[in-house]
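A.B. asks: Just a sequence and a predicted model for now, questions to come.
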Amino acid sequence: MDVTDIIDLLKEKADTRYHAGMLRFGIDNEKALGVKLPELRKLAKIIKKKHTLALQLWETGIHEARILASLIADPKLVTPQLIDSWTNDFTSWDICDQACGNLFDRTPYAIEKALAFSQHEREFVKRAGFVLMAELAIHDKKANDKIFIRFLPVIEREAWDNRNFVKKAVNWALRQVGKRNDSLLPLAIRCAERILLQDSKAAKWIAGDALRELNSRL
């Protein structure tokens, strides 16, 4: 299958009601077809890893084509430049999360990009930094605790950001670091307790929500 075949297939799988409903979940559907994620995952399993095709799909700008690109791109062929380029193209939280969780977190550049993106001005780029932290905590079973300990001061530093898609990602990163193991749990709780003392509505929400979940694991 080439790009044209895949776009035609996606159009066949499009659901007009789902397309309209995307807006309710805060997803910009202007360049979307309305294809549900399970359908994209099924298609990705058929295509398998095809990096060149992934690059071509991303360039179409179509919402679902970009998510599919994140599923079939080869992490071994991903460069720092590609991560930067795709991240700068993010226009919705779901493309951000899919690219980070399907692809970027499986590259050798995930840690450095998480730290770099965490202080970016643009909302979805900054979100990507914290989504990467969360996804690494979930997926990288061999990663040393020192990596996640390094993330905690960054999470604390950026907890002031009240933008919806940033604060939710900061919260997610904090919770996932704490849930990773029994060694990181008390460190994440103490981080959340410090965040709670910040004079910011975003910080108080991030910390309060995280503490409810993390304390329940003690």
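C.D. replies: Thanks, I have the structure now.

A.B. asks: SS state for the spatially closest residue to residue 102 that is not a sequence neighbour?
C.D. replies: Sequence neighbours aside, residue 70 is the residue nearest to residue 102 in space, at 4.3 Å (criterion: Cβ to Cβ, 6 or more residues apart in numbering). Heads up, the C-betas are built off the backbone N, CA and C, glycines and all. On the three-state scheme (DSSP: H, G, I helix; E, B strand; the rest coil), residue 70 is labelled helix.

A.B. asks: Could you check how far residue 70 is from residue 166?
C.D. replies: Distance of residue 70 to residue 166, computed by Cβ to Cβ, to the nearest Å: 20 Å.

A.B. asks: So the two - more neighbours on which side?
C.D. replies: Remark: of residue 70 and residue 166, residue 166 carries more neighbours, 26 against 23, as counted by other Cβ atoms under 10 Å.

A.B. asks: name the element that one belongs to?
C.D. replies: Element membership for residue 166, per DSSP states H and E: helix 164-180.

A.B. asks: Run through the neighbouring helices and strands of that helix.
C.D. replies: For helix 164-180, the packing partners by 3 or more Cβ pairs under 8 Å, 6 or more residues apart in numbering; DSSP states H and E come out as helix 123-139, helix 145-157, helix 184-196, helix 201-215.

A.B. asks: State the pLDDT value of the residue most central in space within the chain.
C.D. replies: Nearest to the geometric centre of the chain sits residue 97, at 2.6 Å (Cα atoms, centre = their mean). We have a pLDDT of 98 for residue 97.

A.B. asks: So what's the residue count around residue 42?
C.D. replies: The burial count for residue 42: 11, using other Cβ under 10 Å.

A.B. asks: If you could redo that for residue 74, that was the one I meant.
C.D. replies: Neighbours of residue 74 (other Cβ under 10 Å): 15.

A.B. asks: Surely residue 73 and residue 51 touch.
C.D. replies: Yes: judged on Cβ atoms under 8 Å, residue 73 makes contact with residue 51 at a distance of 5.5 Å.

A.B. asks: Between the two, point out the one with more neighbours.
C.D. replies: For residue 73 versus residue 51, neighbours defined as other Cβ under 10 Å are more numerous around residue 73 (27 against 16).

A.B. asks: Can you name the residues that contact the nearest residue to the more buried one once chain neighbours are set aside?
C.D. replies: Excluding the flanking residues, the one nearest residue 73 by Cβ to Cβ, 6+ apart is residue 54, at 3.7 Å. With contacts defined as Cβ atoms under 8 Å, 6 or more residues apart in numbering, the neighbours of residue 54 are 68-70, 72-74.

A.B. asks: In CSV: those, plus distance to residue 112.
C.D. replies: Below are those laid out as CSV (distance: Cβ to Cβ, whole Å):
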residue, distance to residue 112
68, 26
69, 22
70, 19
72, 24
73, 19
74, 20
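
A.B. asks: Nearest to residue 158, out of these: which one, please.
C.D. replies: Distance to residue 158 across the contacts of residue 54 (Cβ to Cβ) is lowest for residue 70, with 24.2 Å.

A.B. asks: Run through the residues that contact the closest one.
C.D. replies: Per Cβ under 8 Å, 6+ apart, neighbours of residue 70: 54, 95, 98-99, 102-103.

A.B. asks: if you set the cut-off to 6 Å instead, what comes out?
C.D. replies: 98-99, 102-103 (Cβ atoms under 6 Å, 6 or more residues apart in numbering).
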